[in-house]
Structures are given as C-alpha cells and as structure tokens.
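Chemist: What shape does this take:
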Amino acid sequence: MISLLLLGSVARANITLAAGSGSADEAASDLTANSGRVTIIVVDYTQYEWWVIRWADNYILCRILTDHEGLPTGPEIYTACGKTVGDLWSTTKACPGLTDGSGNTQACTGVYLYLIGSSPAEKAITVDLPPPSVGVSLSGCDPTFPENRCSVIPALLLTGEEPLPNESIVAIHTYINGVPSDCTGPTCEIPLQPTTMEGITVEFWADSSFGDSSKHFTALVRVIDSGVTTLPSLAGWYVDVLSTQWRGRPTASCAQTWQAFPPLGGPPLWLSTPEIPELLATEEPYAFLAGRLITQGIVDASGCANGGVLANGYADACGLEKALPEVQIWQNQFDTRIIEVANQSGVPAQLMKNLFAQESQFWPGIFNSAHLGLGHITENGAEVILLWNPSFYEQFCPLVLEQGTCEKGYVFLTAVQQATLRGALAVQAKTDCADCPAGIDLTNANFSIDLYAQTLLANCEQVGQEMYNATKQTPGTVSTYEDLWRFTVANYHAGPGCLSYALYSTWGHGEPMDWQHVSNYFTPVCQGVVFYVEQIAK
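Modeler: This next block holds a predicted model:
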C-alpha cells in the first residue's frame, strides 16, 4: 500500500544536511588523511528512505535518504538523483486526480515521491577543533600600567595553551635575534636583557601532542633602565611587551594596534586615567555651556542685559558670572562615568574629557542639526566605528538588522542598510529630550560615553592603516605613541581625508612623521584641526 503520494512541485524547503552514506570508519579514514585539526563525532538519527517514481509506469527513478522528517528538499533530490531527474521533479505539475479529490491518477505526468519507511541509523560528523596557542606574560615581576616598572629584569614567560582535554603542549620554540631556542613541556622562560628603545622581536610557537603546531606569534619587548639609583621606589627597569598573546595586566590603549611603545614611565597627563573623579575635575569658564544653561532656564541671568546671552548663543560676561557656579558643577558631572569607561575600554579618561570640552563644552544637545552628544558625533563619525571597530559592529548590528544580514560585513550591506545602521547609532548619542529637565536626557548622555570611547578606538585602527598606507611601515617604527594619538584625535575631528593628505605629504618630503611636521601639511580647509589637537594634547 502506498503510504504517501506527493507531487514533485508540492514541497520547497530550506537546505538541510542530508544523511551521509559514509560510515564512521570511512569518516575516520578521511580524518587521518586530513592535516587539519578536526575530530569525528558519531550521532544517532532516524533515516528516511524515499523513492522518486514515474507516474506513467511506476518506474523507480531514484532512491533518496534523508535525516529529517518531511519531504526531501530540492537540493537533496538533485544531489541524490542528478540533474535530469531533479529537473523532471521540479517541473512536475499538480496531478488533477489528487487535487479534485477523485483519486484518479491516470492523467498524472512527471514523477512523485514515495516514502518507503524509516530506520535507526548513525552518521559521523566532522568537527573543527580549536587550535593550540601560546600566552605571554612575565616571570619575576608583575608590572602595573602605566609605569610598567620592575625592580629587577624579569623573564619572558611563554605558556602553551592546549584546548583539547586529552592533549598537551609538548614543546615551545622561540626565535630571538636570529637565534633559535627550544623548551620541552608547556612552559618556557626566556631571560631578558636590556634592549634599545626600539625593543626586540621574539617569535614563538608551540607543538602539541595532537601532532600539530600553533601559529607563529610575535612579541615586541623593551627593557630599559629607569636610570634612578638614589630612590629605591623609582629604581629598576621599565618593561613593555606588545603582543596579541599578552596575558598580563592591560597595556596602553592602541599600543598593540600601532606596535608603538608608550613613553617610558607612563603616558603624559592628557593620555592618563586618574583613579578618582576628583583628579579629573576642571573649573573652566565655558561661555557656550553658560549660554545653554541660561537659555534652558537652569541659571537665572535676567538681571543682565539681553538676559546674559549673546546672539550666537554664548553667555556674555554678565551671564557667565551668573552661571559660573553651575558651569563648574555641570562640566564635572560626567567624570565618574568617563573613568569607568576608560577602565573598561582602555581609552584614556583625560583624553575623553579634553575632547568633550572642545567638542561640546559638556553640553550634549544637538548642535547645528548634525553634531550629536558630548563628542558631537556625525554621520561620518558613525561610519568610522562601523567600519573600523569590528567587535562593536558585531554586537551593535544585530540589534538593528537581521543576524544573517549583519554577517556580510558593513561594506557589503546595501546603502539603505548602512544608512539604517548609522541612524540607529546616532540615536545612541542623542540626548535631546523635551520632557527632561533642561531638555537633556542625562542618563543617555552618560550611557553614550562608551560610544565615543569605541569611536576613538575605531579611529586609532584607521590611523594605523593610514600610516601604513603612507609609509609602508608599521606605525610604531616611524612615529611615537603620543603623536599617533594626536593623529587619531585629528582623524576624529577632521576626517581621514585631511589626515591622509598630511601624512602622504610629510613622508613624500622625507620629513619625520611627528606632529610638528605633519601638522604643517594640513590644507587650508583642514588647518583648524591643528589648534583643536593642541588644545586636547596639553
């Protein structure tokens, strides 16, 4: 008795993994021949057997095995039966005898699917396994950022990392200054020596009992005498390690991206993060902020001529005097959050505070209809973070678009999808609120600070690429950590067009790639960024 009659054109389903006809032993044999790090998992499933039968003479054209309930999918039929039968199935029209309820199939043409039955089965699945790796830390010292000072010269500690439970790291290999070295077992200590300011490159990798090796990794290591002998608390060695495999305390933000060591003993004040908000506090007489506080009714300057506000929205001398106490409170209310974000992201708190001061004077409302929030992010600024901060994009995009769409990557989205993402991102920075005191949503203003930190990290990545494009060298070999941050601030404010032109021009004239020389090559339309950067980097 026929248990099921179905026309070829009835079902169209998504592609599903078909049951493999190979055995677990065959799969294991393939694994042996495969040099990749994979394993075989044998799973139980229910196997369904279908026949493709011709209506005209009930001739069996093909046998199909599936691992799921329901009809075989189109791809499964084409794979099992070939193009001729697959095309015949896909063009078969509905049988009149089945659609009108008469049950008469004499006029049916084409083919139909017939379910023979089901039975328990096993199949082997090939699974990619995580590769071995090697972590880098220091032995004999645990330096704390930003000084990274040790009382004695430590050793570089390489620790093999084998994620497979029944395997282990059997050896670690290094290559330093042209000299190879090997360690047996999962760890390797390399005694360090004083280096030049440029440091030395250590190449390293590990062998696993699985029979393969990790990738070859590198670490840029610098060991410099502090030069202090009279004060024990300051004596010792500055030790910096730049590597994607670093497992110690956090390093200076963007140093790894640029392969640029921070200044000895720690960064300057403008690239620092204080431990407490009080050390980030300022008392600047911001006239624009005063004007907004007066206009929004937070400060009463009715005793001043014209209400204490000039035609351009800034407070006049009288208005500023009236508003100064509130101005000082307002400009410091975000400090706690700035430090929190700095500790989470690595972006220096003082840099963010200085940038907000220049961009908005800490008034996060919309400015000129296109600049939003404390950092006056624009549509172009939103695109930078989506293009150059992959981890941010991967987290943010699925909140707006379908996961499958996001997986294409930002550059492969349609113009409409890209605009949708930029618009949604801008909303994160928008703080204007008609029902809020002073018309500002301060909760969202604090929340948006992380967005600016992530945007600065994106600019840091973009500057690294711009520097390489101009010089064909690693950024840290042609410029300093401080100046690379200056370039990042310039990129944030004026855009990559202005900065790239200045970088190419400086390199083309054979001049040093420092801020002093690069700043001379900003075009007239971009020259305003020079004052902007110098106000932040002071």
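Chemist: what's the neighbour count on the closest residue to Ile377 other than its chain neighbours?
Modeler: Spatial nearest neighbour of Ile377, chain neighbours left out: Ala429 (4.9 Å); criterion: CB to CB, 6 or more residues apart in numbering. Heads up, the C-betas are built off the backbone N, CA and C, glycines and all. Neighbour count for Ala429, taken as other CB atoms under 10 Å: 26.
Chemist: Tell me the spacing between the residue sitting nearest the centre point of the chain and Ser345.
Modeler: Residue closest to the average C-alpha location in the chain (CA atoms, centre = their mean): Ser391, at 2.2 Å. In this view, Ser391 and Ser345 are 11 Å apart by CB to CB, to the nearest Å.
Chemist: give the contact list for Gly135.
Modeler: Going by CB atoms under 8 Å, 6 or more residues apart in numbering, Gly135 touches Leu158, Thr159, Glu161, Gln245, Trp246, Arg247.
Chemist: Could you do Thr471 as well?
Modeler: Thr471 makes contact with Val478, Leu503, Trp507, Met513 under the criterion CB under 8 Å, 6+ apart.
Chemist: so which of those would you say is closest to Gln106?
Modeler: Leu503 (80.0 Å; CB to CB).
Chemist: Now do the SS call for the closest one.
Modeler: Here Leu503 is helix, with the state taken from DSSP: H, G, I helix; E, B strand; the rest coil.
Chemist: How many neighbouring residues does it have?
Modeler: With other CB under 10 Å as criterion, Leu503 counts 25.
Chemist: Just the pLDDT at it, thanks.
Modeler: At Leu503, the model reports a pLDDT of 98.
Chemist: I'd guessed it sits against Met467; true?
Modeler: Yes: between Leu503 and Met467 a contact is recorded at 6.4 Å, counting by CB atoms under 8 Å.
Chemist: Now list whatever residues contact both of those two.
Modeler: With CB under 8 Å, 6+ apart as the test, Leu503 and Met467 both reach Phe487, Met513.
Chemist: quick one on the thing from earlier: how about the residue nearest to Ile377, what does it touch?
Modeler: Pro364, Leu372, Gly373, Leu374, Gly375, Ile377, Ser448, Leu451, Tyr452.
Chemist: Looking at those, spot the one nearest Arg63.
Modeler: For the contacts of Ala429, the residue nearest Arg63 by CB to CB is Leu451; the value is 57.9 Å.
Chemist: Surely that closest one is within a helix?
Modeler: Yes: counting by three-state DSSP, Leu451 is found in a helix.
Chemist: Check whether it really touches Gln428, as I assumed.
Modeler: Yes: at 5.4 Å, Leu451 and Gln428 qualify as touching, with contact defined as CB under 8 Å.
Chemist: okay, the two: which has more neighbours?
Modeler: Legend: neighbour count by other CB under 10 Å for Leu451 and Gln428, higher for Leu451 (24 against 18).
Chemist: okay, the more buried one: pLDDT?
Modeler: pLDDT at Leu451 comes out at 91.
Chemist: roughly how far apart are it and Glu69?
Modeler: Applying CB to CB, the value for Leu451 to Glu69 is 47 Å.
Chemist: what's the answer for Ala323, then?
Modeler: 72 Å.
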